[in-house]
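Trainee: structure for the following, please:
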Amino acid sequence: MERLATLYIDKESHKFSAAHYTIFSATERERLHGHNYSVSAMIVAPMGANGFAADYNVYKRRIKALCDELDEYMVLPARSPHQIVEEDGDNYRVIFNGEEMRFLRSDTLVLPMTNATVEEFAHYLLGRMLDASAGEAIAEIQLCVASGPGQKGCANWSAMDEAIA
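Mentor: Modelled structure (predicted):
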């Protein structure tokens with residue numbers, strides 16, 4: 001029987017600040033605001049002959065790099081059915097419910113998400129973590145994004161689920 005171990009990574013340095021608005025419907029959205037998000041992970045991996053399952057430092061560096069990529073940007077969801085995002089010179093032109101908003105392209109990330117929520121951030125970052133961890137002996141990953149104390153969304157991946165699919 002394979003021995004598995006679970007690593008929990010929740011470091012103060014794993015954070016990013018980003019501006020966004022949540023879209024509730026075709027006619028309703030939040031006002032533009034920002035959060036200081038924090039990112040944590042749970043990684044399940046087989047125990048190695050050396051007595052540990054995975055190198056914490058590898059995953060800490062990956063999470064930190066992912067956070068750094070998002071830090072201090074305005075985030076727009078590319079896949080929202082309720083808004084249009086277009087490049088217009090040095091700006092992104094966004095149309096929502098007949099309103100036009102403009103954001104500097106140099107300050108804005110358009111991400112492959114439906115909405116700018118903690119759940120979507122978690123799925124986005126989990127996908128990026130899986131890409132960076134390809135070929136490694138990992139059984140499960142749970143990646144969570146919190147927008148404040150007591151409020152977070154998590155995304156889960158399991159090698160077992162992938163093997164069945």
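Trainee: the lengthiest strand in the chain pairs with which strands?
Mentor: Counting by DSSP state E, the longest strand found in the chain is strand 33-46. Partner strands and pairing direction for strand 33-46 (DSSP bridges) are strand 4-9 (antiparallel), strand 15-20 (antiparallel), strand 140-148 (antiparallel).
Trainee: what would the ones you listed look like in JSON lines with mean neighbour count and mean pLDDT?
Mentor: Just so you know, the C-beta spots here come from the backbone N, C-alpha and C atoms, and that holds for glycine as well. Output for the strands paired with strand 33-46, formatted as JSON lines (neighbours: other C-beta atoms under 10 Å; pLDDT from 0 to 100):
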{"stretch": "strand 4-9", "mean neighbour count": "14", "mean pLDDT": "94"}
{"stretch": "strand 15-20", "mean neighbour count": "19", "mean pLDDT": "98"}
{"stretch": "strand 140-148", "mean neighbour count": "20", "mean pLDDT": "96"}
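Trainee: out of those, which is closest to Phe121?
Mentor: Comparing these by their distance to Phe121 (C-beta to C-beta), the top pick is strand 140-148, with 4.3 Å.
Trainee: how far does the closest one sit from the chain's center?
Mentor: 8 Å (C-alpha atoms, centre = their mean, to the nearest Å).
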